[in-house]
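Enquirer: below is the sequence, then the predicted model.
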Amino acid sequence: QVQLVESGGGLVQAGGSLRLSCAASGQIYGARAWFRQSPGKLREFVAAITWTDGVIRYSDSVKGRFTISKDNAKNTLYLQMNTLKPEDTAVYYCSASRNGFLSDSPAPYDYWGQGTQVTVSS
């Protein structure tokens, strides 16, 4: 059984930076991703990476500001978020999929963390 635990969320001013981490217990070699969800909105794709060869995909809304990365030895996924905007405020979730397809839909992802709150003040 794979468990995912996010950390690193918090309150930051607009223009600031945060780094999220997602530590996994158990191995899963497909894809891992970050999603986010604001109150009253659907869960939104942020970024994804294939665990074996590091192919990356970003949503247009974060491209150029966020960087997804991984540490295979630590079995940990990261999301470096720079130039944060108030509209980035959300609960951020990491997820993992057994397949290597970088889906922007939550449906194919098999495992989810509990989420970490990111709040960006204007």
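Expert: Noted; the coordinates are in hand.

Enquirer: residue nearest the centroid of this structure?
Expert: Central residue of the chain (C-alpha atoms, centre = their mean): W34, 2.1 Å from the mean position.

Enquirer: OK, contacts around that residue?
Expert: By C-beta atoms under 8 Å, 6 or more residues apart in numbering, W34 lies in contact with L20, C22, V46, A47, A48, I68, L77, L79, Y92, Y93, C94, S95. Using the backbone N, CA and C atoms, a C-beta is placed for each residue, glycine as well.

Enquirer: now with 6 Å, please.
Expert: Contact analysis of W34 by C-beta atoms under 6 Å, 6 or more residues apart in numbering lists V46, A47, L79, C94.

Enquirer: top of those by neighbour count?
Expert: Greatest neighbour count in the contacts of W34, by other C-beta atoms under 10 Å, goes to C94: 29 neighbours.

Enquirer: I'd assumed L4 was in contact with that one.
Expert: Yes. The criterion here is C-beta atoms under 6 Å, and C94 meets it with L4 at 5.2 Å.
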